[in-house]
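Undergrad: Mind folding the following:
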Amino acid sequence: MGGAERNQRKRRQAQQAAPPPVATARKAPVDGKRIAIAVAVVIAVGAIIAGFVYSDSVKNATEGESIAVVPSTLDVPVSRDGAVVTVGRDDARVTIDVYEDFLCPACRSFEEEHGDDIERAVADGDARVRYHLINLLAERSDPPGYSTDAATAALLAADAGVFPAFHKSLFAAQPDEDARGWDREQLIALGAALGTTDPAFADGVRSGALGDVVAAEYERARTTDSLLRDRGGERLFATPTVAAGGVLVDTADDAWLAKLLG
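TA: Presented below is the predicted three-dimensional model:
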């Protein structure tokens, strides 16, 4: 075998032993920064999805649920005139006007703090309460309209003879603002749970029969000067508003009811 042939064979053997140059070039080192970014993106997306799921569950907390019954032992005359429900005897020493919206958190706090004392005064014949049911927060539920529907249902509950317990139950189960309220069928179910059997109650709630009456009472209240308060240089109406003898009552004073009753 000549020298040239031996040299040619050695070159072929060397080429076969060497690693393929293209395959070696494509084995780039692992890019840790890219992996970290990808993981961060996945975590962020997961957090956003979880946030949406939680937010949706809070927003729709009333869906598929029932309004819990809060009983009332109050046994006094109850009557309705438009959007005003009067609870108590005509010969009571004091008449108190209370303006409330069933979606108003401050109204719920008012009822939690003073509701039992008011009920006791009414039961004892010392006070009579006129509840003005309004829809100041009609646009603050999703979908809008819960304030109107709840007020309508409570007014019809007065006609059906179950107002005190209906009123207490709605405030105890108050939905959040900007969330789903109780729908009309759920309000009807509360009436049924309280013993309402008159078809007029369900029909009236279902059709929103007193919505215009509720809206008109709110319009009257917010344009009545004696019911307005000075807030930031403006005269504004807010809920809850409590008045007696045409004069606003300062319910921030813990003794307001005792003072009224003398």
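Undergrad: my guess is Ile95 meets Asp126, correct?
TA: Careful, residue 95 is Thr and not Ile. No - using C-beta atoms under 8 Å, Thr95 is not in contact with Asp126; the gap is 10.9 Å. Yep, even glycine has a C-beta here, placed from its N, CA and C like the rest.
Undergrad: which residues in the stretch 101-250 of the chain form strands?
TA: Along the stretch 101-250 of the chain, the stretches classed as strands by DSSP state E, counting those that start in this stretch are 127-133, 229-231, 234-236, 241-244, 247-248.
Undergrad: Touching stretch 154-162 from outside, list them.
TA: The contact list for stretch 154-162, computed with C-beta atoms under 8 Å, 6 or more residues apart in numbering, reads 78-80, 83, 85, 102, 133, 163, 166-167, 170, 191, 194-196, 198, 200-201, 204-205, 209-210, 213-214.
Undergrad: do stretch 90-99 as well
TA: Contacts of stretch 90-99 (C-beta under 8 Å, 6+ apart): 77, 118, 121-122, 125-132, 134, 221, 227, 237, 239-245, 249, 260-262.
Undergrad: Mind checking which of these are buried?
TA: Among the contacts of stretch 90-99, the ones that count as buried by 16 or more other C-beta atoms under 10 Å are 118, 121-122, 126-132, 134, 221, 227, 237, 239-244, 249, 260.
Undergrad: count of neighbours near the closest residue to Asn60 other than its chain neighbours?
TA: Once flanking residues are discounted, Asn60 sits nearest to Arg180: 5.0 Å by C-beta to C-beta, 6 or more residues apart in numbering. Neighbours of Arg180 under the rule other C-beta atoms under 10 Å: 17.
Undergrad: Would you confirm that Arg180 contacts Glu63?
TA: Yes - between Arg180 and Glu63 there is a contact under C-beta under 8 Å: 6.1 Å.
Undergrad: All set, thanks.
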